[in-house]
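[1] pasting the sequence and the predicted coordinates here, then a few questions.
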Amino acid sequence: MNVYASYFSATNRTKMVVEEIATKVAEVAQTKRAVCDFTLPSARKKPLVFGPNDFVVMGLPVYAGRLPNLMLKYLQTLEGHGAKAVAVVTYGNRHYDDALIELAECLEIQGFEVIAAGAFIGEHSFSKILGQDRPDAQDRVKIETFSQEIIQKLETGQMTDFQIKGQWPSKGYFKPQDRHGNLIDIRKVKPMTRDTCTQCGLCAAVCPMEAIDFEDYSNIKGVCIKCGACVKKCPVEAKYFDDPDYIYHMTELEEVWTRRAEPEWFL
């Protein structure tokens with residue numbers, strides 16, 4: 001059995017969860033674990049093709065309760081050909097809503113046999129408070145438990161049906177509102193650049209949409225999906241958002257979703 005850790009992970013939180021699960025399965029299967037990281041556009045030029053002897057842990061972050069909409073077209077190019085798969089999503093402590101069931105449905109349509117699915121928490125792309133430093137030590141214990149249950153299912157060969165929390169077809173993306181019920185639209189908001197920028201170019205290099213101009217790092221020439229890569233990975237914290245609606249929504253999330261969300265999985 002060939003084991004693959006496959007993911008879109010702009011801030012490395014999804015990567016951490018997916019690679020840990022895949023590593024544990026590979027250890028039991030006594031095989032190497034390969035990585036299929038399709039975060040950057042260059043990695044999405046060719047579809048990922050798997051086969052019946054492959055085991056794939058497929059992970060994506062949750063954006064507004066769903067999968068990132070600009071990744072859907074690429075996911076529709078995947079070829080499972082009977083590969084067994086585990087669907088994994090990570091979210092920033094609010095909720096994963098319909099994202100996990102959406103990923104599982106997408107994988108099934110593309111020819112994968114989904115044998116398990118799990119939703120885990122990672123630091124929110126907007127915030128350093130929501131899901132701070134997660135996945136943490138407590139999460140890793142649960143990742144270990146989930147991995148062991150996957151391994152047991154593989155060893156017994158009992159691929160029983162299971163249900164994933166969520167609604168599909170989905171009721172739609174989560175729409176942020178203010179406290180008076182007015183919708184907040186931040187889809188066109190783009191990050192700003194402070195004068196402290198050292199012109200290192202890291203922000204442009206890590207942008208999964210190639211939205212940042214390599215000739216002028218303050219110029220966001222393409223679509224920004226608010227993944228947080230440029231903000232969280234800048235070594236001098238030169239990238240930031242100053243849009244009032246964005247700040248309001250971030251603050252609202254931080255004030256409302258203070259409870260510690262816990263991982264959930266289904267198999």
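    Received the coordinates, thanks.
[2] the chain: strands as residue ranges?
    Along the chain, the stretches classed as strands by DSSP state E are 2-7, 33-37, 54-61, 84-91, 113-121, 192-193, 239-240, 264-266.
[3] mind listing what's buried along the second one?
    It stands for strand 33-37. 33, 36 (16 or more other CB atoms under 10 Å). All C-beta atoms are positioned from the backbone trio N, CA, C, and that covers glycine.
[4] now the longest one
    Neighbour counts over strand 113-121 (16+ other CB under 10 Å) mark 114, 115, 116, 117, 118, 119, 120, 121 as buried.
[5] quick one: residues in contact with stretch 227-244.
    With contacts defined as CB atoms under 8 Å, 6 or more residues apart in numbering, stretch 227-244 is touched by 10-11, 61, 63, 68, 124-126, 186, 189, 191-194, 196-198, 200, 202-204, 206-208, 212, 247, 250.
[6] again with stretch 93-109
    Outside stretch 93-109, the residues that touch it by CB under 8 Å, 6+ apart are 58, 60, 62, 65-67, 72, 75-76, 78, 80, 85, 87-89, 91, 114, 117-119, 121, 124, 130-131, 134, 164-168, 170-171, 174, 253, 257, 260-261, 266.
[7] quick one: average pLDDT of stretch 251-267?
    Averaging pLDDT along stretch 251-267 yields 96.
[8] likewise stretch 54-69?
    97.
[9] do stretch 6-19 as well
    98.
[10] what bridges to residue 49?
    residue 79 (DSSP bridges).
[11] next one, pLDDT for it please.
    We have a pLDDT of 98 for residue 49.
[12] what of residue 174?
    89.
[13] what does residue 97 give?
    pLDDT recorded at residue 97 is 97.
[14] if we can go back for a sec, now the strands of the chain in CSV, with distance to residue 107?
    Below are these laid out as CSV (distance: least, CB to CB, whole Å):
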stretch, distance to residue 107
strand 2-7, 10
strand 33-37, 13
strand 54-61, 6
strand 84-91, 5
strand 113-121, 5
strand 192-193, 37
strand 239-240, 33
strand 264-266, 14
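[15] closest to residue 226 out of the ones you listed?
    strand 54-61 (10.8 Å; CB to CB).
[16] what inclination does that closest one have with respect to strand 113-121?
    Angle, strand 54-61 to strand 113-121, by axes from the mean of the first three to the mean of the last three CA atoms, to 10 degrees: 30 degrees.
[17] using PDB, write out every CA atom in strand 54-61.
    Extracted C-alpha coordinates of strand 54-61, given in PDB (Å, rounded to 0.1, in the frame of the first residue of the first chain):
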ATOM      1  CA  ASP A  54      -3.000   3.800  -2.700                       C
ATOM      2  CA  PHE A  55      -4.100   5.200   0.600                       C
ATOM      3  CA  VAL A  56      -4.600   9.000   0.600                       C
ATOM      4  CA  VAL A  57      -5.100  11.400   3.500                       C
ATOM      5  CA  MET A  58      -6.600  14.400   1.800                       C
ATOM      6  CA  GLY A  59      -6.800  17.700   3.700                       C
ATOM      7  CA  LEU A  60      -8.100  21.200   3.200                       C
ATOM      8  CA  PRO A  61      -8.900  24.200   5.400                       C
END
